[in-house]
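Trainee: how does the following fold in three dimensions:
(2 chains)
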Amino acid sequence: MIPLSWYLFVAAGLFSIGLYGVLARKNAVAILMSVEFMLNAVNINLVAFWRYQTPESMNGQVFAAMVFAVAAAEVAVGLALVISIYRRRKTVSANEINLMKW
Amino acid sequence: MFGNITSSMLLAILPEIALLVLITVIFIADLVLHGKQNSNLAGITAVGIAAIFVLTLIYARPGETDELVWGGMLRHDWLAFVFKLLFLASGFITTLFTIGWESVWRKGEFYVLLLTSLLGMTLMAASADLIMLFLAIETTSIPLYVMAGFMTNNDKSTESGFKYLLFGAMTTAVMLYGLSLLYGLAGTSNIYAMAESIAARAIPSPVLVGTLLLILLGFGFKVALVPLHFWAPDVYEGAPTPVTAFLSTASKAAGFAVLARVMIAAFPSILADWQTIIAIAAALSMIVGNVVALTQTNIKRLLAYSSIAHAGYALLGIAAASELGVLSVVYYFLVYAVTNLAAFGVVIIVYHTTGSDEISDYAGLSRRSPMLALAMLLAFLSLAGVPPLGGFIAKVLAFAAAVDAGFVWLAVLGVLNSIVGLYYYLIVLKVVYLFPPKDEKAIPTRRSHGIALATSVLLVLLLGVVLAPWYDWAAASAASLF
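Mentor: Have a look, this model is predicted:
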């Protein structure tokens, strides 16, 4: 059987890619996509930990199900906010949305 | 796992059930009411929250022993009870302040979002399981993102919602990664089974500290601690002011309830490490919040930085990790919530007449509306920590907890920062009382705003003068964690 650590490495890699995307990309939609990467890394972690450690209790599975349900809600709200800002500014670049600072 | 549903289990989630009923009522009312009648929505919400407050106070009081209910998802204890009452009170006052706010009130969905967020906070205060905790935090945050960006015809409001969402989604994802690692390390998702399980598995402390840092990133964002504070001034400035008031009081208090519970219950094995981390965050928050507040010209931004500094003071109690520490946190938030609501209340009322949030436009407020100026005086002096107002007692307790736990340097830093704080609060009061008004016209106050402001100012005084009942509540909450 594939050892647990392999799953954790994949998840850590995916998480890092997502984190890099969040920090480096300027486009709001791309940032939301990168957040999805990070959340998927979380799900891999959760399901792997559940399967290898406590398969008799359902906690890990429930947790993972909650994570993607909430992630969907968050992205729905996120895209709505992106649309509302696009309508006024005609841009979704995080760099140009800087009316307020300091 | 669940067995039979007993009445005590239902009583434990009485406020949540009642809030859900109220949300449904608002949905239906929004459907039925038309045109001008829609202005009743705020009234229905306010009366509903008040009723839930009374119901909770009478029926949902926890018993002698703290019990885990609903399969270990929630804990029915005094900490949860006191914080739930605090959220409901802030929700009530916030709702009254939304009345008359263009493009926000008369909208059923706004009040549904407000109540949903309130529902999430009540669950946050009681969560005893990582799954429930995550769900509760998101139930609180997602409606708040929308509320911050609710005025879609306003550039600042949309930007505020947008920034809040991006930073929120990012930090939540990092926090969640930490939670997933914690679940893996402990092999359980229950916060109260965690400490034992971590000790039994002999998890090396550097791994645990790393995981904790990831989790703290999410909590720190929620309560706006330095270095995760950068979103707060922008979001506070852009959001509709009633939403800002709600964000800076209830949402912050909810974050602290979670912080106190999780840190103390789940991480006793790395106590010294997390105490140091929290102490550093507290010191940075106090310094950055107060120093940057000195240069602000917009009252909402000033209050945003002041709220960052206040999170720093309250954090002293968490860093102490003692019963007195948790007591001081609870007391701090009882005081801070009503005080900040009063301060934002004045900002809201003044904005309705002047249409400006600039501090210079507060010149001569004492002549335009003496009562409003008096309310502002009391609120700001309480924020500064002047006796006999609530803020003084709260600060004394926080500093006492820090000294008691051996963080003397932190208490000294806190006192020094309070002096800086007093300076910029007094500058605003100088503008209000001594500068001549640009415009002699009186500032009218709506009755609903008057009631809300009077309630909060009265509570600020009560919390400073009549100590016993509040102190007992805070002490009972602290005792329920140890």
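
Trainee: can you tell me the average pLDDT over the longest helix anywhere in chain A?
Mentor: Ranked by residue count and defined by DSSP state H, the top helix of chain A is helix A:59-89. Regarding helix A:59-89, the rounded mean pLDDT is 92.

Trainee: swap in stretch B:75-83?
Mentor: 93.

Trainee: follow-up on the earlier one: in the longest helix of chain A, what counts as buried?
Mentor: A:59-60, A:63-64, A:66-67, A:70-71, A:74-75, A:77-78, A:80-82, A:84-86, A:89 (16 or more other CB atoms under 10 Å in any protein chain shown). C-beta here means a position set from N, CA and C on the backbone, and glycine is covered the same way.

Trainee: can you check stretch B:447-464 too?
Mentor: Result for stretch B:447-464 [16+ other CB under 10 Å]: buried residues B:448-450, B:452-453, B:455-457, B:459-460, B:463-464.

Trainee: sec struct for the residue lying closest to B:Met73 once chain neighbours are set aside, please.
Mentor: With CB to CB, 6 or more residues apart in numbering or on different chains as the criterion, B:Met73 has its nearest non-adjacent residue at 4.4 Å, and that residue is B:Met132. Three-state call for B:Met132 (DSSP: H, G, I helix; E, B strand; the rest coil): helix.

Trainee: number of residues surrounding B:Met132?
Mentor: 23 (other CB atoms under 10 Å in any protein chain shown).

Trainee: wait, what's in contact with it?
Mentor: B:73-74, B:123 (CB atoms under 8 Å, 6 or more residues apart in numbering or on different chains).

Trainee: one more pass at 10 Å, please.
Mentor: Counting by CB atoms under 10 Å, 6 or more residues apart in numbering or on different chains, B:Met132 makes contact with A:66, B:70-75, B:123-124, B:126, B:189-191.

Trainee: next one: A:Phe9
Mentor: A:Pro3.

Trainee: for it, give me the pLDDT.
Mentor: Model confidence at A:Phe9 (pLDDT) stands at 96.

Trainee: what's the spacing between whichever strand or helix holds B:Ala311 and its chain's center?
Mentor: Assigned by DSSP states H and E, B:Ala311 falls within helix B:299-320. In terms of CA atoms, centre = their mean, to the nearest Å, the centre of helix B:299-320 is found 11 Å from the chain centre.

Trainee: the residue lying closest to A:Val92 once chain neighbours are set aside - how many residues pack around it?
Mentor: Nearest non-adjacent residue to A:Val92, counting by CB to CB, 6+ apart: A:Ala28, 4.3 Å away. Number of residues near A:Ala28 (other CB under 10 Å) recorded here: 22.

Trainee: try A:Glu56
Mentor: Counted with other CB under 10 Å, A:Glu56 comes out at 6.

Trainee: ok, it - contacts?
Mentor: A:Trp50.

Trainee: before we move on, back to that, does the helix holding B:Ala311 come close to chain A?
Mentor: Yes: counting by CB under 10 Å from any CB of the partner chain, chain A has neighbours in helix B:299-320: B:Arg301.

Trainee: secondary structure class of B:Arg75, three-state.
Mentor: Of the three states, B:Arg75 takes strand under three-state DSSP.

Trainee: name the helix or strand for B:Phe344, please.
Mentor: helix B:323-354.

Trainee: quick check: mean pLDDT of that helix?
Mentor: Rounded mean pLDDT across helix B:323-354 is 95.

Trainee: mind giving me the packing neighbours of the helix or strand just after it?
Mentor: Going down the chain from helix B:323-354, the next helix or strand is helix B:365-368, by DSSP H and E. Secondary-structure packing of helix B:365-368 (3 or more CB pairs under 10 Å, 6 or more residues apart in numbering or on different chains; DSSP states H and E): helix B:323-354, helix B:370-384, helix B:408-434.

Trainee: try 8 Å this time
Mentor: On a contact count with 3 or more CB pairs under 8 Å, 6 or more residues apart in numbering or on different chains; DSSP states H and E, helix B:365-368 meets helix B:370-384, helix B:408-434.

Trainee: interface residues of the stretch 101-250 of chain B facing chain A?
Mentor: With CB under 8 Å from any CB of the partner chain as the criterion, the stretch 101-250 of chain B comes near chain A at residues B:130-131, B:134-135, B:138, B:142, B:145-146, B:149, B:152, B:155-156, B:158-163, B:165-166, B:169-170, B:172-174, B:176-177, B:179-181, B:183-184, B:187-189, B:233-234, B:237-238.

Trainee: try it again with 7 Å
Mentor: B:130-131, B:134-135, B:138, B:142, B:145-146, B:149, B:152, B:155-156, B:158-159, B:161-162, B:165-166, B:169-170, B:173, B:176-177, B:180-181, B:183-184, B:187, B:189, B:234, B:237-238 (CB under 7 Å from any CB of the partner chain).

Trainee: export the buried residues of stretch B:447-464 to TSV and tack on secondary structure?
Mentor: Output for the buried residues of stretch B:447-464, formatted as TSV (three-state DSSP):
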residue	secondary structure
B:Ser448	helix
B:His449	helix
B:Gly450	helix
B:Ala452	helix
B:Leu453	helix
B:Thr455	helix
B:Ser456	helix
B:Val457	helix
B:Leu459	helix
B:Val460	helix
B:Leu463	helix
B:Gly464	helix
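
Trainee: nearest to chain A among the residues you listed?
Mentor: Closest to chain A out of the buried residues of stretch B:447-464 is B:His449 (25.9 Å), distances taken as CB to the nearest CB.

Trainee: how about the nearest residue to the closest one, chain neighbours excluded?
Mentor: Using CB to CB, 6+ apart, the nearest residue to B:His449 is B:Ile349, at 5.3 Å.

Trainee: how many residues are close by that neighbour?
Mentor: Based on other CB under 10 Å, the number of other residues close to B:Ile349 is 25.

Trainee: against B:Phe219, how distant is it?
Mentor: 33 Å (CB to CB, to the nearest Å).

Trainee: and B:Leu316, by the same measure?
Mentor: Applying CB to CB to B:Leu316 and B:Phe219 gives a distance of 16 Å.

Trainee: so for these two, which sits in the more crowded spot?
Mentor: B:Leu316 (31 against 21).

Trainee: wait, what's in contact with the more buried one?
Mentor: B:Leu316 makes contact with B:282, B:398-399, B:401-402, B:410, B:414, according to CB atoms under 7 Å, 6 or more residues apart in numbering or on different chains.

Trainee: pull out the buried members of those.
Mentor: B:282, B:398-399, B:401-402, B:410, B:414.

Trainee: between the contacts of B:Leu316, which is closest to chain A?
Mentor: Closest to chain A, out of all of the contacts of B:Leu316 and judged by CB to the nearest CB, is B:Ala282, at 23.0 Å.

Trainee: for the closest one, what are its contacts?
Mentor: Per CB under 7 Å, 6+ apart, neighbours of B:Ala282: B:312, B:315-316, B:319, B:410.

Trainee: could you list which of the buried residues of helix A:59-89 also contact chain B?
Mentor: Applying CB under 7 Å from any CB to these, those adjacent to chain B are A:59-60, A:63, A:66-67, A:70, A:74, A:77-78, A:81-82, A:84-85.
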